[in-house]
Structures are given as C-alpha cells and as structure tokens.
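K.L.:
show me how the following folds:
(chains A, B and C)
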Amino acid sequence: MSTPNSATNPATKSAGIAALSLSGDISSILLRIGIICVIGVVLSFVSGSFATTDNFLNILRQASMLFLISSGLTLVIIGGGLDLSIGANLTLSACLGAAAMKTTGQPMAGVAAALGCGLLIGVTNGVLINKLKIPAFLATFGMLWVAQGIAYWFMAGQVIYGFPPSFRFFGSGFFLGVPVPIWVMLAVALGCHLFLARTTTGREVYFMGANEAAAHLSGIPVSRRRMLLYTLSGLMAGLTALIYLARVNAAEPGIGEPLLLPAIAAVLVGGTSLFGGSGGIIGTILGAVILTLIVNALNLLNVSASWHPFVTGAIVLAAVLADTLNNRGSHK
Amino acid sequence: MGPLLKLINIEKSFPGVRALKDVSFDIHAGEVHVILGQNGAGKSSLIKVLCGAYIADGGSIELEGRTIAIRGPADANAVGIAVIFQEFSLAPYLDIAQNIFLGRERAFTKAGLIDKKAMHAAAKRILEELGLDYDTRTFAGDLGVAQQQMVEIAKALSQDARILVMDEPTAAISDRESERLFEVIERLKKRGVAIVYISHRMKEIMALGDRITIMRDGALVATFLRDEASAEEMVRLMIGRSLDGIPHRTPATPGKAILTIENIKTGKLSDISLEVRAGEVVGLAGLVGSGRTEVVRAIFGADPVASGSIRLNGSALKATPDIASRAGIALLPEDRKREGLALPLPVRENATAASLWRLFKGGWFKPGAAEKVCADLISRLNIATPSSRQIVRNLSGGNQQKVVLGKWLAAGSQLFMLDEPTRGVDVGAKFEIYQLIDNLVKDGAAVLVISSELPELIHLCDRAYVMRDYRIVGHLDRDNLSEKAILDLAVQQ
Amino acid sequence: MTDSTAPTVKAPAETFRLGRLLKNLPGVSYILIAMIVVFAVGNPRFLSGVNLSNVSLQAALLMMLALPMTLIILTEGLDLSFGALLGLCGVVIASLLLAGWSVIGAIAAAMVVGLVVGLINGFLISYLSLPAFVVTLGTMGLCEGAALIITNGDPIGGFSPSIQAFYQSSVFGLPTPVLAAVAFYALLWMVLYRTRFGNYIFAIGGNKDALRLAGIRADFIHLAVYALCSVTVALSAVLMIGRMNTAHPTVAVGMEFEAIAAVILGGTSFEKGQGWLFGTVLGVLAITILRNGLNLLHVEPSLQVVCVGVLLIVALLIDGGRKRSVQGAA
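P.N.:
Got it, this is the predicted structure:
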C-alpha cells in the first residue's frame, strides 16, 4: 500500500514499527481512525445519545460480530484468495451448533458441532481450490449455496432458541464491564495479528499473496499455506456462529448470508487490498467499526433498514475502486 | 529506385539505458533485410519503434521519401507496416478466417450477419497465395506455432502490408516448417513486400538475407550485402565486445559432486545428464528455446520429471520447489519480475522469503533478526536501496537481481542455478554479480549458469554443456570453451 | 519441436467434424442422459406430458439467465448481480403496473434499470479493469437494496393480470415462455456465431489485445456485453413475475448461481474464455431435470440446491481431464 514517495523516505528502521507497518501502513491506519473520529463527531451532533459509554460499547459489540466474520476473510484475501462462503458457513455452523446444544443439553457439544462444521467447510473449500483447481471465487460461491441449502433443509422452517446461561455469557455477558464479544474480538485480533506479523507462515502468506509464482519458486509450500488460510477462514466462521448464538439466543437459516457483503466491505475499507499481499487485521477492526458506525448513522437518521444492502453495495464498489486506483498508482 | 522505408538517426532511451543509439536503417521493396544481434543488442527496441509501440526520442522515419510519424500501432498499420512478434496476436477461440479478418468483417457483412462462406473463401484465397492448404475453420488456439505464424502473415497480407517485420520467426519451429516459411518469404519478395527479418541463425541468414545489418549494444555496427562477409566475420561483429579488462576467473579446484542428474526426461526434455561439483561454475549454453530453462526448472521440481534420477550430494532427490530449496538448491529465475520477486513488497520481505524456515526454526518471526539478515545482505551485496523498507519495484534491475540472489544466500543454498543472471542489469551491477558468483564458488558452492551472452559464459564458466532442441548436444571444458565452439554446437549447421 | 509432432491442418471431412464433436461433448451430456433414464424408471410420472411441460417452463426462465451469462463468461468475466437484478426488475414492473403504467411502459422502465446496472458493471470491469466478481457482488447489493427500498421488504401482488396471462398462454400448443426462450437462443446464436459482435466476444475472452490491435474499441465492446446482458435479464423478469403472479424483492437472489452452474456444466471454461452456447442449453436442462426429478422424489427444494452444487463438482471432475473444449456449433 506504500506509495513510492513514502517508501523512499529513509524511514525509521525500528523493528516494531516495521512489523506494524506491514500489517497495514501506519498512515492508512491513522487515516481510518480519523474517519472514525469524523463520523463520531458528526453523529454526536446529530444525536445526544450517541456520545455515551453505553452506545460506544454497543457499537463495538456490533462491530465485533462483523469483525469476527471478516477476520478469516482478511487472512484469505491477504494470501491472494477470496472466500464467499463465510456467511453461509456461519449460518450452517450456527444451526448445527444450536441443534447439538439443544439435543444434548451440553454447551460443549454445540461448540464442537459449530467449530467442526466451520472447519469442514473451510477444508472442503481448500480441497476444491487446491486439488480440483477450481477458481477460488467459484468454489466458495458454490459452497455458499450448498451450505445455505443444507441449513434450510436441516432447520425445515424451525427456529432453535433458548440456550444455557453459561453459554450465553459469551454473547451477552460482561467481563470487567466490557461485553464479552469485544474481548473475543480483541483476542482474535491479537491472534491474527501475531499470526500475520510474527510467524514465518504469516510472512509467507503476504509473499504468496503478492506473487504466487515467485512464492512457489522461493520454496514456499503454496498449496499448504492456502489450505491453512481457507481452514482458518472456515474456523472463524464457526466461532462467529457461536458468539452469534450466545448473543441472539436463536438460530435460523437466514442469519449468515446478509453478513457476506458487509464483511467484504469491512476488509476492503480496512485497507486490505483485494489483489493480495497487503493489509492487516488492525485495518479490518477499523473497517468493521466504520461500517457499524455508518449503519448506526443510518439508524439515527431514521433511514429504513431496507437501505442497508444498498449502502453496503455502494461501499464495496467505492472501496474496490479506491483499491484498484491506489494499486495502479504504485504499480507504474 | 529509392528505399521504401528509411529510418534516420533514431534515438531511444529509457531511464539508465540508451536502447537505440543513432540508428539509421533502410529497406527496399522486394528485399529481405536481416538484422543480426544478440539479446539486448537493440533489435526489439528497433521493431517497437517501427510498429509504433515505442515513440523514438529522436530521428525521423521516411516512407518513399516523405517524412512520416508513427505514434501508435494504428499509424504503423496505415502506412503498411506489419510486425509478426514471437508472441502472436491471434484470438485462440476464433478460427483462421475470423482471425485473418478480425476487425475488418464489414467487408463480408450483409444485413448485420457475416457471410461465413465468403469470408472463408477469401481467407482460403489468401492462404493459397502463400501456398498453404489450411482448413480455415480451425481455431487459432489449435494451431502449432509455425501455422500461427503463417496465419499472422496471411493477416498482414490481407491488410496490404508492404513492410513485414518478423521477429525470430524460426526460433520455435522445426526445420521442415522453416523451409515452408522460406518458400513463403520468397513468394512475398516476388510480390514486392519488403521484409525485415530478425534472427541469429547464421545458416538461414546466409540463405535468405539480401542485406544483413549487425547490431550491438543499441548501435548499428555494420551493413553488408549477402556475399560481402563470411559467417565467421558476422558472428565476430555480433559478439564483438569482449570482456577485456576483467581478468578471467581463476578456476577453482572442484570438489565432490553436488548435483548429478542422469537421463532426465520431461514433457519436452530428453536424456539430460549433467554434473555440477562443489567449487565450480558450470555453464548451460544454447540458443533461446533450446531447453536450458526447462532443465533448471526440472531440477528444482517446478516442472514434473517423467523419468531419470536427480541426486544431490549423492542422495536421491524427488523435488518440489519447497523440498529442493530446503535441500540447498537455489533457482534464480529468468523473469525476475514475474517469478523472482514480489514487486509490491519491501526489500526485507523479498530477501528473506526463501529462508524464513531456516532463520526462525520455531516458526516465530522476529522482525529485528530479519532486519539484521537483510541489512547484512544489503551491505554484503552492495544493494543500492535507501532502506530495507524500500519497495522492490522501485529498485533498478541490477539491485532487484541482487535481492533475488540475496534471497538464496540467506537460505544457505549450496547449489545456485542462475538463469540469465545479468539480463536487464547495468554494466556495473553485472560485474558485481560476476564477483559474487566467484565468491560463491570460492566458498565451496556449486553454480550452474544459463546465459545467452557468450562472453559472459566464457568468462564465468569452468566448463559448459551446450543444448539444442531440448537435448544436451555437447560438453566443452575450459580449454575448449570459445564462442565459436559453443555456436557450432548450439546452431544447427 | 520435431516434425512428427507438428499438427497438420488439412481440411477434414464433415463427418470427421461430427465425430470430434461427439468425442468432445461435455460431461454433462452423459449425466443428462443418465438422469433421464433414472428418473423415468424411478417415477412413471416423469415422462408424462404435464411434467414435461412443467420442466420446459422451469427451464425457460433459467435459460433466459444462463444464455447471457454464457456471453459474459466467454469474456472471462462473471456477473453475480443477475439474480438480484432479476428481483429488482420484477419489483419495478409490478409497482409501476400498480401505479397505473402500461405494460409496455413498465417493461421499458425495467429495461432501463437493467441497462444502468449493466453499464455500471461494464464500465468498472472493462474500462477500469476491476475484478468482475467483486464489482458484481457490489451491484448485487445495490440491486437487492433497491428492491427492498421500493417494496419495504414485502412482496407486491395484485398487478395487471396480463403478465400472468402471457406466462400461461401458448402458441400452437407450445407454452409462450418456452417459445420465447427458444427464440432467445436462436437470436443469441446468430449474434454469437454470425455477427462481428459475436466474433469480438470470443476475441475478448481469448486475447483482448488482439482485438485492440485490430483497431476495434475492445473496451466498449466489453462494456456492451455487460449492458446488453443486463437488459435481457430485465426482460426475463416478466417471466418470473408471470409465473408467481407476485413480485418478491429477493426471491431471485441465488438464481445467478444456477445460471453460472448451467454455463460451467455446459463446458464453457471460466478462465479461458472458451465455450459454446448449446452446452449451456444442456446445462440448463440438466439442472432443471435434476430439480424436477428430485421434486418427484419429494426431496426438499433446499437440498436440491445442494444437489446442483454436487452435480457441478461431478461435471467438473468428468471434464477435468480435458483441457481442450469445443466451441462446436459454429
């Protein structure tokens, strides 16, 4: 994402800053924090109830759901791929998890079912792309409809609701006065950030995303890395499904699919390039917060919820446009 | 009668390179004018000026005595210049007739619909004029290289091209197909088409060329009529520049065999056997397209090997690139921008890409340590970069190549396979790379070098294998290693 | 390359071409035959006149989407906004009819909507070279959103009965929608294989630069493909709301998947811009017959989608070994 100009500056070589800057260029992170502040200031003028701790926590809690589902997608996109199945994966994982919990009465059974389902879908995506050489967007797009179809069939029009309080704590509880989903978001963000910035595999993922042929000829096991990314993406969808269940206390087959477009928007708005090899998880947190703020603004302005897909679609188009122009600028 | 087309004092520069230096060149109707030169001699720049892909910085172009401006492909087309590149401009899923008339279907269109019969008949006529009996319904993608070339020629003719430029037309076709091409060229000459023919195959040059112009280092060296000079004379002029001034490498005493391959066969290669020992530089010579790159890719595991054995330090190696690189094999690919580097990433990421597994055994990446490795490489290889954070795209060709080399130095490789290590690299960096190769073998590494620049090979190598048609056709030890010896083997006489 | 490996390009006899065609039939043709046999044996009602007319009606709408999708995929592109656009256009027609517009006027308005969406897609994909799947995912959001905004999420019913009457009408005993789909196929076949525009579509897919070098405004042609295809999607909305007699804002989301699946099943390659139009017809029939057969076997609609996905993977496996496909037909 660096422009030639900023790159030619003999920047400080501090290792810490260097690691951070690759996970989403400092200036681009500051820019996004600036955007958040501007929206925040505007909204606090529009509505008196905006600038309250409760509302902040509420926005962060909403953003945490969006962030969680976007986190795996961020990893996949940095590695040069795409996962369109995350929303439907969330749906199916949530439905299976809910059913497992309901029939056994054991929260752990639900956790295992949801994570297992997410994992399986991720692995299947990886196999379709690696072994059958199906383009990533086609394989995961097909998986979207397959997972969604299974979810509708499995639920057969039912809604599963009412889970044990010990489980619901993870969606609705508070720890140190902060909603638990926010803690989960921070933990996942830390994990993803460490993975991307502080593991050799993470560094290889950036290289592979920037130039897969060169990665292959540098001895990076590209297929295995790709498998890992899609698996992680599937697993994160399963985890998001659990937090969703714990928060909403009900599962039905329409929950996940509407999250796909906002998730892509959050990743792109967060500064991760669709062309792979750049970006980072911190950007995605900020992207998720920006998207949540925009929805919050629409609500405060009394805009009907029917507008949400339209606005998200427009944001995706604007973000991919900005990404391409930005990339082209630094290419030549 | 004056020349049909005349280029006068053409100049073209790119940042850091003067690609064409005061080039003047002309061509008459019904003449084959051969341009002879090595890679990087300026031939392709000259073609690109002719077809409008480059706009010359200086000089002028005259057509039949009138000055014309070629500012783009459309201008070149309009004055009747057609170029047949090595990479063809056919649409693979259209048939021969559709390709010949692509963009000019209007002539066959009635009421919005294409009269296919008429179009195929017209295509057939053009092909017949060239003495070709092709089914015009064949898709271009199903044609062999030679046939695609013929279709390109037919396409140019159907546009009334008067000047046809052919870039290494026989580089990838068989002898019999070449003969067919020469017949066609004879027919074209009779029709008064002027042909600019680029090649470095002496045999066909002597047979075809009415005039022969030799280029070297972006400048025109000499122009002969066919019988004015011998082939030896021309080769000498083409290679010309020797690496005077730098002493030859002192040959090291080779140690044990690092790499031994026997009877390797792949989709293209057959019966490749060679050996590289510790402390020596071995050359892999041959013309472009003779299979040199395929050999190193097969050893690295980038292309599947059908049969034969590869042994590294005596033990069998069934390689994929990740296994090969961990076993100590390094590959510096021919096209560093597409296969060697991640251009949008900084120097540090590129320099450590192949060695992360080795530098950080537990899998935990330490930016400080990577920074240190990278800083060491920058000073050791004298890479001109403001910092390790510099985006690799912004480095010069020579410094980019040093980064790719550094990538493998960091990986602690013991066998370096270098495919055209100095292509697109300025002279200063070139010598630094030579020095580096020298240091590598002194430290006991084995080096296998591919190069199209014969003086470079002769300067660097202790011995060389020569390839032709995907086979090794000869081996030259140090005493016998000369440009003539290599060309004798590499060029089919 | 040695002499023996150089392919010869002598004019082959007509029969030989037919043989080549048969040899290169996509895997879906075998699946199709197998399915017909299995369903016919499994349920006698499968081959009944009522059921066959049902199948053909269901195939008609999918055909209206899959045929233009073929053109787009031939340009190495993709359009994920088809389903959402179909829903939006249905809503536009229905609400305008309720507002007192004439049938022609309402359909014309829907075509304008399709044109605008197609122009957005085409401009971003062709002139700015943005990746098609993300662009059309974005416009999918726009269309879905616009349909929701217009309807507030509720289905629209009670509009002019002429639309349903048209859907249920027949000419010479054949259902009008089926005839429309057949006519549409004939039209697209002419365009693809007998006009300059068709040539340029194949050229864009294989080698867009070749088209540029030939002096054609390749970017404009590329844009036009998206624009025209979206307009035809708008027209197909008539069939959709005619069948249901209501316009539901999001009911058609997901139809783009079946359309894409039909194209891929038919042997058109995603990454290489090669393929043939009749293969798409086979793909549409395979999907429709699969769903119909599963219906007769009382398999839930949601599981049928899963089966379409499985069918797609099986067909890709069958075709996997074959690198070269046929352009056939022409």
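
K.L.:
got the residue ranges for the strands in chain C?
P.N.:
Ranges of strands within chain C are C:156-157, C:170-171, C:174-175, C:246-247, based on DSSP state E.

K.L.:
likewise chain A?
P.N.:
Taking DSSP E, the strands of chain A run over residues A:160-161, A:174-175, A:178-179, A:250-251.

K.L.:
can you check the stretch 301-450 of chain B too?
P.N.:
In chain order, the stretch 301-450 of chain B shows strands spanning B:307-312, B:315-316, B:329-332, B:415-419, B:446-450, with DSSP state E, counting those that start in this stretch as the criterion.

K.L.:
residue A:242 reaches residue A:169, doesn't it?
P.N.:
No - Residue A:242 is beyond contact range of residue A:169, at 11.7 Å (criterion: Cβ atoms under 8 Å). (Each C-beta comes from the backbone N, C-alpha and C, glycine too.)

K.L.:
the more surrounded of the two?
P.N.:
Taking other Cβ atoms under 10 Å in any protein chain shown, residue A:242 and residue A:169 do not tie; residue A:242 has more neighbours (27 against 14).

K.L.:
excluding its backbone neighbours, what's nearest the more buried one?
P.N.:
Beyond its immediate neighbours in the sequence, the residue positioned closest to residue A:242 (Cβ to Cβ, 6 or more residues apart in numbering or on different chains) is residue A:114, lying 5.1 Å away.

K.L.:
returning to what we had before: among the strands of the stretch 301-450 of chain B, which is nearest chain C?
P.N.:
strand B:307-312 (18.8 Å; Cβ to the nearest Cβ).

K.L.:
rewinding a little: could you dump the strands of chain C into JSON lines and include mean pLDDT?
P.N.:
As requested, these are exported to JSON lines (pLDDT from 0 to 100):
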{"stretch": "strand C:156-157", "mean pLDDT": "86"}
{"stretch": "strand C:170-171", "mean pLDDT": "86"}
{"stretch": "strand C:174-175", "mean pLDDT": "88"}
{"stretch": "strand C:246-247", "mean pLDDT": "86"}
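
K.L.:
where in the chain is pLDDT low?
P.N.:
Reading this off chain A. Applying pLDDT under 70 to chain A flags the ranges A:1-24, A:328-332.

K.L.:
that's the other chain; I wanted chain C
P.N.:
In the predicted model of chain C, residues C:1-25, C:270-274, C:319-330 satisfy pLDDT under 70.

K.L.:
can you do 50?
P.N.:
Filtered on pLDDT under 50, chain C yields the residue ranges C:1-16, C:323-330.

K.L.:
pick out the residue nearest the middle of it.
P.N.:
residue C:66 (0.7 Å; Cα atoms, centre = their mean).

K.L.:
can you tell me which residues in the stretch 1-150 of chain B are near chain C?
P.N.:
Contacts of the stretch 1-150 of chain B with chain C, taken as Cβ under 8 Å from any Cβ of the partner chain, map to B:73-74, B:77, B:89-95, B:98-99, B:102-106, B:109, B:112-114, B:116, B:133-135, B:138-147.

K.L.:
show the buried residues in those residues.
P.N.:
When the residues of the stretch 1-150 of chain B next to chain C are checked for burial by 16 or more other Cβ atoms under 10 Å in any protein chain shown, the buried set is B:73, B:77, B:89-95, B:98-99, B:102-103, B:105, B:114, B:116, B:134-135, B:138-147.

K.L.:
near chain A, from these?
P.N.:
The subset of these lying close to chain A, counting by Cβ under 8 Å from any Cβ, is empty.

K.L.:
residue contacts, residue A:160?
P.N.:
With contact set as Cβ atoms under 8 Å, 6 or more residues apart in numbering or on different chains, residue A:160 has these partners: A:95, A:98, A:99, A:102, A:250, A:251, A:252.
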